[in-house]
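> Would you be able to build a 3D model of this:
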Amino acid sequence: MGETSMKKISKFMFSLLAVLLLLSACNSDEEDTDSGSEDEDGVTLTFWNRYPELRGGFEDLIEQFEAEHPGINIEKQEVPEPETQLRTALSEGDLPDMWTNIVELAELIEVDAVKNLDEIFTDEVKGQFQEGTWFENGTTADSSVYGFPLASARSKAMIMYYNKDVFDMLGLTEGDIPQSWEEFKELGQTIVDDSGGAVYPIVWNNPGWANEQLVSMMGTAITPEVPWQENYKEGVPQVLTEGKVESAKFLKELLDEGLMAPQSVEIGLGEAEATFSVGQSAFLWSGDWVGRQLFVETEFENWGVAPLPTKDGNPYYYHAGSEATSIRVNNETEHWEEVKTFLEYSLEHLHEVVYVNTGAGLPAKEDVGGEPPFEQYNDILELENELAIPVPKPAEFNSEVVEFNKAYRNKLEVGGIGDVVVGYITGNISDLEAEIEQIDQEMKDAFFETLDEFSEVSQDDYIYPNWEPFAPYTIEKYDELR
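As a prediction, the model looks like this:
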């Protein structure tokens, strides 16, 4: 081969090498750019929220958190059908990193879907929360923590909201607020007459869960030994009580006598709130979270709160800790360290930002600062502390009760009396007691059938001779029985 040919080959090889080096550098730059973009975007955590009243508070909390932690983003999604959506995600293996509770804790633990949070909730941290926060199959399982507590256990009791604009228009004062059913009816007729029929005494709503809660709470003023669906004196399920039946009959009387807004049997809570806010009703019965809804969603501020009326004006109560309002974490999350960072940040800020500053409810953590957005917040707090009272929780006495209850509930075709109450109020059911009695008997049959299947659970686990209605049932009370 000649010298000229060798020079040409050398030039070609040199040029080829240069091109390869240039391409390599370009690829390297592209890889560096992609990596930089990932670093810039950071990690995105998915979070599902089922509570409408917490929507604004969570948005504020996430905004503050992301500003202080630029490498972590929270993608919050509101879930209108929380149980359906979570069960679908569970079956498809596509759970979010975090979600607000809906499916029972025992069920999630059984399929290893929820993360143990003991790393965050040390004994010292747990001590910062209100008594009653930690309970089996709620926030804990076998004494380990599986839920970040949100709302206070001593909350969710229904109370009565009254419209001060209506009161002023009709010349009413706080001294006129009724305590008994008879007083409510008498005042209600006065409201109808003096307003020329423009204002109804009460607007209510039709979901079964709300109706069961209302008649159960009003019913405790008559039958205090049954706060919900269990009689802790006799150790049996019980939904047929004098208190529930008479409370349901009271609601129907209000509707039939023109003292309840007729649309009550067709509307949900949001529409009831709107009716109350524009002065078409003097009273509204609902939970502690509605203060925030009135203030923010309907922009109505001129209202007050009082206890529900009861048959003879006697006290009523709600079984505290009935729901473990909490955040749960996907056991398969790929971003545990980032989730942990968010939860640790939330320990310091969530209850103030999401609850107190928005007025959305009462926080589970003690000694929380913040500025409530409406003056009635502290009135609600005082009422809830008075009305939401801890009752016995059999799972705290015997942990085997968790699986027992699951098996027992699975045997039931009907889980409560809410739909029956709605059917009775609307006139679709004539014999209220017979319908409730049937559900009551089915519950008892399923209960005793399940007892035969669980050797480590007995009826004694549901009998609490040292419990007195209206007196908080504390941890020490379980120890007395042991």
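> In contact with residue 389: list those residues for me.
Taking CB atoms under 8 Å, 6 or more residues apart in numbering, we find residue 389 in contact with 154, 317, 318, 319, 320, 470, 471, 472. Where you see a C-beta, it was placed from the backbone N, CA and C, and this is true even at glycine.
> That one and residue 229, how far apart?
According to CB to CB, to the nearest Å, residue 389 and residue 229 sit 16 Å apart.
> Following the helix or strand bottoming out on mean pLDDT in the chain in sequence, what is the next regular element?
Lowest by mean pLDDT, DSSP states H and E among the helices and strands of the chain is helix 3-41, with a mean of 39. Toward the C-terminal end, the helix or strand that comes next after helix 3-41 (DSSP states H and E) is strand 43-49.
> partners of that next one, with directions?
With DSSP bridges as the test, strand 43-49 is paired with strand 72-78 (parallel), strand 98-100 (parallel).
> who does the host helix or strand of residue 422 touch, helix- and strand-wise?
Using DSSP H and E, residue 422 sits within helix 418-425. For helix 418-425, the packing partners by 3 or more CB pairs under 8 Å, 6 or more residues apart in numbering; DSSP states H and E come out as helix 208-219, helix 242-256, helix 432-451.
> buried stuff in the first one?
Judged by neighbour count (16 or more other CB atoms under 10 Å), helix 208-219 contains these buried residues: 208, 210, 211, 212, 213, 214, 215, 216, 217, 218, 219.
> can you give me how far the helix holding residue 422 is from the chain middle?
With CA atoms, centre = their mean, to the nearest Å as the basis, helix 418-425 stands 23 Å off its chain's centre.
> Please renumber the chain so that the first residue is 484 from this point on.
Renumbered: residue one is now 484, and that last one reads helix 901-908.
> And the average pLDDT for it is what?
Averaging pLDDT along helix 901-908 gives 98.
> so that helix versus helix 915-934, what angle?
What separates the directions of helix 901-908 and helix 915-934 is an angle of 170 degrees, with axes from the mean of the first three to the mean of the last three CA atoms, to 10 degrees.
> Just the C-alphas of helix 901-908, formatted as PDB.
What follows is helix 901-908 as a C-alpha-only set of coordinates in PDB (Å, rounded to 0.1, in the frame of the first residue of the first chain):
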ATOM      1  CA  GLY A 901     -80.400   3.800  58.600                       C
ATOM      2  CA  ASP A 902     -82.200   2.800  55.500                       C
ATOM      3  CA  VAL A 903     -85.200   1.600  57.500                       C
ATOM      4  CA  VAL A 904     -85.400   4.900  59.300                       C
ATOM      5  CA  VAL A 905     -85.300   6.700  56.000                       C
ATOM      6  CA  GLY A 906     -88.000   4.400  54.600                       C
ATOM      7  CA  TYR A 907     -90.200   5.000  57.700                       C
ATOM      8  CA  ILE A 908     -89.800   8.800  57.500                       C
END
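> which residues are contacting it?
Where contact means CB under 8 Å, 6+ apart, the residues beyond helix 901-908 that reach it are 689-696, 698, 731, 734-735, 738, 748, 912-913, 915, 918-919, 922.
> switch to 6 Å and redo it
Identification of contacts with helix 901-908 by CB atoms under 6 Å, 6 or more residues apart in numbering yields 689, 691-692, 694-695, 698, 731, 734-735, 738, 912, 915, 918-919.
> Could I get the contacting residues of the residue sitting nearest the centre point of the chain?
Centrality entry for the chain: nearest residue to the mean C-alpha point is residue 808, 4.8 Å, by CA atoms, centre = their mean. By CB under 6 Å, 6+ apart, the residues touching residue 808 are 633, 634.
> any idea how far residue 920 is from it?
According to CB to CB, residue 808 and residue 920 sit 33 Å apart.
> quick revisit: tell me the angle the helix holding residue 905 makes with helix 725-739.
Angle, helix 901-908 to helix 725-739, by the same axes, to 10 degrees: 40 degrees.
> Compute the number of surrounding residues for the nearest residue to residue 960 once chain neighbours are set aside.
Leaving out its chain neighbours, the residue that sits closest to residue 960 by CB to CB, 6 or more residues apart in numbering is residue 949, at 5.6 Å. Neighbour count for residue 949, taken as other CB atoms under 10 Å: 12.
> From what I see, residue 949 and residue 963 are in contact.
Yes: between residue 949 and residue 963 there is a contact under CB atoms under 6 Å: 5.5 Å.
> start to end distance for stretch 589-608?
Using CA to CA, to the nearest Å, one end of stretch 589-608 lies 23 Å from the other.
> ok now it, how far from the chain's centre?
19 Å.
> Now that stretch: buried residues?
Buried positions in stretch 589-608, judged by neighbour count with 16+ other CB under 10 Å: 589, 591, 592, 596, 597, 598, 600, 603, 604.
> Give me the subset of these lying in helices.
Among the buried residues of stretch 589-608, DSSP state H puts 589, 591, 592 in helices.
> Tell me which residues touch the second one, please.
Counting by CB under 6 Å, 6+ apart, residue 591 makes contact with residue 597.
> Lowest-confidence entry in the ones in helices among the buried residues of stretch 589-608?
Lowest pLDDT within these is found at residue 589 (91).
> who touches that one in this structure?
So residue 589 contacts 620, 885, 889 (CB under 6 Å, 6+ apart).
> try 10 Å
Contact partners of residue 589, counting by CB atoms under 10 Å, 6 or more residues apart in numbering, are 619, 620, 624, 629, 878, 885, 886, 888, 889.
> Does residue 919 touch residue 726 like I think?
No: if you go by CB atoms under 10 Å, residue 919 and residue 726 don't touch, sitting 11.6 Å apart.
> joint contacts of those two?
Taking CB under 10 Å, 6+ apart as the criterion, residue 919 and residue 726 both touch residue 698.
> Can you verify my assumption that residue 957 contacts residue 614?
Yes: with contact defined as CB under 10 Å, residue 957 and residue 614 form a contacting pair (7.1 Å).
> And these two? Which one has more around it.
With neighbours defined as other CB under 10 Å, residue 957 and residue 614 compare such that residue 614 has more, 15 against 12.
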